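Q: Model the structure of this input:
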Amino acid sequence: MASLQQEPTGVYHIVFRYDRKRFKRSLETKTQSLALARLDEIEETLQLLKSGRLGIPDDQPTDAFILAAGRIDQIKQKAPPPTESPRGLLLEGLFTEFFASLPDDNLEPNTLRTMHTHKQHLLRILKKRFPVADLKGNDLQKYVNARSKEFTQYSRTVAGKKKPVKCTVSATTIKKEIATFGTVWRWAATVPLLEGEFPSRGLRYPKADDKPPFQTYGEIVRQIETQSLTGSDASELWECLYLRKQEVEELLDTAEHRSYLPPYVFPMLASAAHTGARRSELLRARVADLDLTNRVLTIQEKKRVRGRRSTRRVPLSTRLAACLEKWLTTRAAGKNLFNASDGTSLTPDKVHGGFRNAVNNSKWQVIRGWHTLRHSFISNLACDGIDQRIIDDFVGHTTEEMRRRYRHLFPHVKSSAISKVFG
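A: Below you'll find the predicted structure:
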């Protein structure tokens, strides 16, 4: 019902869900015993709320009430942030208005969480009381320059340096933060709270390196060993791992024979590996989306068409069809295709834990997460020369940038081009 996360700063945060909403709040302590005590207290409060023996007063915020274990006298009352000043709408007020306007289920939880992180950086550097109507391109450029000088929690090895060097914030990250600001601005212009275009034209970012191409397990191991890579250098390569067909099956065999895994883990892994579905898409999948007669899975999308739910259909492999047919006979009742043993819905945190348990203490523990299975699905189709249009149809790719990273995996096309010219 609730879980602890320790941030790089050492401070513990608690993550819990209530009324179909996910909350992550700081416990303001670095002491594990205190954090565990608060975890027990909050889980007990959630249980009382679920059973109906405790209710949240209408005038109390849900997260604050749960964090205070129902003790209203201990709830810190926060004054609502000011939205305007004599000079107009403030930056903090703009973000407050935007997030309050979002309908439930409008954005993926991960997307929403990332946007809140971007907001915190923007408020920190541009300042909460910045009058948004006065925003100019120069203000955004100052933001870009300031962020590019800040350091992340990651480090990398540098030739000639004995110790790893801290990494600065990448251009890619800064561009995403500016993009979030632009999204909020354009929403405000339609309400309208603001006028004019978002002044991001002509911004100059620090130079960014292309991501490494997708590579096999063996290729990455050789690079790490020959170059003595550690830290973020090695992690960056493992982010680009794709498993060959035989390796995918070996990974699935490993998970299938781990009897201690929650029952949903193996069928979810098999579905990700053989359809290229994202973790969030598998969490959304319904029993009605599975057609075993025609051996096809309909995947409910949120990312491909802006502002509208769309679908794509992927045929089932023989192994996946057999796996899902067996899963249907053993799973707990419920509309979701994948659920916990007690029938409750799965959360991203829970299935991430299931993935880690499936790969830990094996050669596959270097895999970063569920998305590697999507990379592997696409990469193996590309390596076998499957038409790009079919790949796009299976995985929902719509941009040239998405396709470009897989293009090197068409070896027969490049080889035939060289042979045609040079023999």
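Q: which residue is nearest the centroid of this structure?
A: Centroid check for the chain by Cα atoms, centre = their mean gives residue 110 as the closest residue, at 4.8 Å.
Q: For that one, which residues are in contact?
A: Listed by Cβ atoms under 8 Å, 6 or more residues apart in numbering, the contact partners of residue 110 are 280, 348. Yep, even glycine has a C-beta here, placed from its N, CA and C like the rest.
Q: Could you do residue 399 as well?
A: Residue 399 is in contact with no residue at all, counting by Cβ under 8 Å, 6+ apart.
Q: Begin at 61, not 1, for the rest of this chat.
A: Okay, using 61 as the starting number, the last item reads as residue 459.
Q: Distance of it relative to residue 445?
A: Distance of residue 459 to residue 445, given as Cβ to Cβ, to the nearest Å: 22 Å.
Q: Could you chop this protein up by domain?
A: By the assignment in automatic domain parsing, the chain contains the domains 62-134, 144-250, 302-482.
Q: any idea how far residue 226 lies from residue 318?
A: Here the criterion is Cβ to Cβ. By it, residue 226 lies 37 Å from residue 318.
Q: More neighbours: which of these two?
A: Shown here are residue 226 and residue 318; by other Cβ atoms under 10 Å, residue 318 has more neighbours (16 against 13).
Q: List the contacts of the more buried one.
A: Shown in contact with residue 318 (Cβ under 8 Å, 6+ apart): 417-418.
Q: can you pull the contacts of residue 336?
A: Applying Cβ under 8 Å, 6+ apart, the residues near residue 336 are 374, 433-434, 437-438, 454-455.
Q: Most neighbours out of the residues you listed, which is it?
A: Going by other Cβ under 10 Å, residue 433 tops the contacts of residue 336 with 28 neighbours.
Q: Let me know the next secondary structure element after the lowest-mean-pLDDT helix or strand in the chain.
A: Every helix and strand of the chain was ranked by mean pLDDT, DSSP states H and E. The lowest is strand 144-145, at a mean of 66. Per DSSP states H and E, the first helix or strand lying C-terminal to strand 144-145 is strand 148-149.
Q: What residues of whichever helix or strand comes after that following strand count as buried?
A: Going down the chain from strand 148-149, the next helix or strand is helix 151-161, by DSSP H and E. Across helix 151-161, burial judged by 16 or more other Cβ atoms under 10 Å covers 151-158.
Q: List the buried residues for the helix or strand that helix 151-161 is followed by?
A: The C-terminal neighbour of helix 151-161 among helices and strands, as given by DSSP H and E, is helix 169-186. For helix 169-186, the neighbour count (16+ other Cβ under 10 Å) marks 175, 178-179, 181-183, 185-186 as buried.
Q: next one: stretch 240-252
A: Residues of stretch 240-252 classed as buried: 240-241, 244-245, 247-248 (neighbour count, 16+ other Cβ under 10 Å).
Q: repeat for stretch 112-127
A: Within stretch 112-127, the residues that count as buried by 16+ other Cβ under 10 Å are 114, 116, 120, 123-127.
Q: Pull up the distance across that stretch, start to finish.
A: Length of stretch 112-127, first residue to last, Cα to Cα, to the nearest Å: 18 Å.
Q: any idea how far that stretch is from the chain center?
A: Relative to its parent chain, stretch 112-127 has a centroid offset of 29 Å by Cα atoms, centre = their mean, to the nearest Å.
Q: what sits up against it?
A: Around stretch 112-127, the neighbours that count as contacts under Cβ under 8 Å, 6+ apart are 74, 76, 78-79, 81, 83, 85, 102, 105-106, 108-109, 130, 132, 135-136.
Q: Drop anything exposed from these.
A: For the contacts of stretch 112-127, buried by 16+ other Cβ under 10 Å: 74, 76, 78, 83, 102, 105-106, 109, 130.
Q: Reformat these as TSV; add pLDDT and secondary structure.
A: TSV is the format used below for these (pLDDT from 0 to 100; DSSP: H, G, I helix; E, B strand; the rest coil):
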residue	pLDDT	secondary structure
74	89	strand
76	87	strand
78	85	strand
83	85	strand
102	88	helix
105	89	helix
106	86	helix
109	85	helix
130	74	coil
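Q: Specify which member of those is nearest to residue 259.
A: For residue 259, the nearest member of these is residue 83. The distance, counting by Cβ to Cβ, is 34.4 Å.
Q: Extract the C-alpha set from stretch 312-322 and format it as CSV.
A: The C-alpha trace of stretch 312-322 is given here as CSV (Å, rounded to 0.1, in the frame of the first residue of the first chain):
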residue,chain,number,x,y,z
LEU,A,312,12.0,-15.4,-20.2
ASP,A,313,13.2,-18.9,-19.3
THR,A,314,15.0,-17.5,-16.2
ALA,A,315,11.8,-15.6,-15.1
GLU,A,316,9.5,-18.5,-15.8
HIS,A,317,11.5,-20.9,-13.5
ARG,A,318,11.7,-18.4,-10.6
SER,A,319,8.8,-19.7,-8.5
TYR,A,320,9.1,-17.0,-6.0
LEU,A,321,8.1,-14.3,-8.4
PRO,A,322,4.5,-12.8,-8.2
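Q: If anything else comes up later, I'll come back, but that's it for now.
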